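S.K.: Sequence first, predicted model second:
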Amino acid sequence: MREFCTKWWKRIATTDMLFIAILTLIASFIGSWLKQFPGFSLFGALIIALLIGMVIQFPIRSFYVGSNDDRRAGVKDAAGLISNKLLRLGIILLGFKLNLEVLFTQGIKCLPIAAVIVTLVIVVTYAIARALKVNPMLAILTAGGTGICGAAAVMGLSGSITVSEEEEEEKADDEVMAVATVAIMGTVFALIEIALFPLFGLTPAQQGVAAGATLHEIAHAVAVGGAFGEEALNMATIMKLSRVLMLVFAAIIIAIWWDRKHSTVKHEGKRKVAFPYFMLGFIAASVLGTYVPFLSAISANLVDIAYIVLGMAMAALGINVNFKAIAQKGAKAVLASFIASVLLMFFGVGIAVLFF
């Protein structure tokens, strides 16, 4: 135990770690600030932070790393550690956004619908992606981001999947590609739904349900719901958070499935699945934020902290992104998500009309 702590402390207590931590924190704050403006609100703070991280990797390489191999390795390790560890903390804190009392009362009809939608979209998107020859990791992360809640789902599912040390770099590239894909699709379909929903003759409640059932990021669902009034916004939020809750079950199921079907990690003795324990923290935060008065009163502040922490993780992920790898294999993942998103939009509208 002492050797383990010493190892991590040596990695954390470096100039490179401090440097990257400060940069990612600044990127996260900028993302949180920009999301309040029209246009940027469709992307959300996490996507903006990711984009900032992708951009600043160039000046980091030119002015900080240079030809220093040790510093290059230090920056890569620091960004990797931040994206890995802060991701889990951010997902746990994001649990305070889920008010279980609201979901189990006002949203009681939304929960089973969310379960069906998430299951179908993940299965269909994964099948389409694999048919297009997308690799299994990118396919399942894209499917999860499309079906559940965008970037947070991609990172949450990724955190539940264990790969060998040799595959870590490719996995990080797949994370960025999946996040970028669902960000693009979410933004495109948010604009499409704002334009088309009034033509479908939907009530405000139905518009909100359809938005929450079909759009990728929470920011997308809120933006579209808000465009159609207060009732639509409330229903979009409830429906979307019902899908977010499914992240817990999806992460556990996908972790078990991946370990049995695709894992190359060698197991000694009895086979063990990398259980996503941070998802239990997510549920615990939801329970505490709902039923503990003190925490309920500050839940909004804790969610703000969650987005800052997740923004740092996303910016760190962007700093390590391999643009060449993304360019080579990204188009087919985007196409798979687009086809699935079209099907999802019409399915979501049908659900809204039938049940609301």
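M.R.: Sure thing, it's come through. Residues are numbered from 1 along each chain as shown.

S.K.: Identify the residues contacting T125.
M.R.: T125 makes contacts with 139, 142-143, 146-147, 336-337, 340, as judged by CB atoms under 8 Å, 6 or more residues apart in numbering. In this view, the C-beta of every residue, glycine as well, is placed from N, C-alpha and C.

S.K.: Okay, now the unreliable bits of this protein?
M.R.: Within the chain, the stretches with pLDDT under 70 are 1-13, 263-276, 325.

S.K.: Nearest residue to L335 in space, please, no chain neighbours.
M.R.: Distances taken as CB to CB, 6 or more residues apart in numbering place L132 nearest to L335, at 6.3 Å, with adjacent residues excluded.

S.K.: contact partners of stretch 216-225?
M.R.: For stretch 216-225, the surrounding residues in contact (CB under 8 Å, 6+ apart) are 35, 41-47, 145-146, 149-152, 182-183, 185-187, 189-190, 193-194, 197, 207-208, 211-212, 215, 232-237, 239-241, 244, 341.

S.K.: Pull it out as PDB, backbone CA atoms only.
M.R.: The C-alpha trace of stretch 216-225 is given here as PDB (Å, rounded to 0.1, in the frame of the first residue of the first chain):
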ATOM      1  CA  HIS A 216     -27.600  13.500 -27.000                       C
ATOM      2  CA  GLU A 217     -26.400  16.000 -24.500                       C
ATOM      3  CA  ILE A 218     -28.400  17.400 -21.600                       C
ATOM      4  CA  ALA A 219     -27.500  20.800 -23.000                       C
ATOM      5  CA  HIS A 220     -29.200  19.900 -26.300                       C
ATOM      6  CA  ALA A 221     -32.400  18.700 -24.700                       C
ATOM      7  CA  VAL A 222     -32.600  21.800 -22.500                       C
ATOM      8  CA  ALA A 223     -32.000  24.100 -25.500                       C
ATOM      9  CA  VAL A 224     -34.700  22.500 -27.600                       C
ATOM     10  CA  GLY A 225     -37.200  22.200 -24.700                       C
END
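
S.K.: Could you pull up phi and psi at the residue nearest to L335?
M.R.: Main-chain torsions, L132, degrees, to the nearest 10: phi -90, psi 10.

S.K.: Now for the nearest residue to E168 once chain neighbours are set aside: which residues touch it?
M.R.: Residue nearest to E168 in three dimensions, not counting chain neighbours: G80, with 7.7 Å by CB to CB, 6+ apart. G80 is in contact with 168, 172, 316, 320, counting by CB under 8 Å, 6+ apart.

S.K.: For those residues, pick the one with the most neighbours.
M.R.: Greatest neighbour count in the contacts of G80, by other CB atoms under 10 Å, goes to A316: 29 neighbours.
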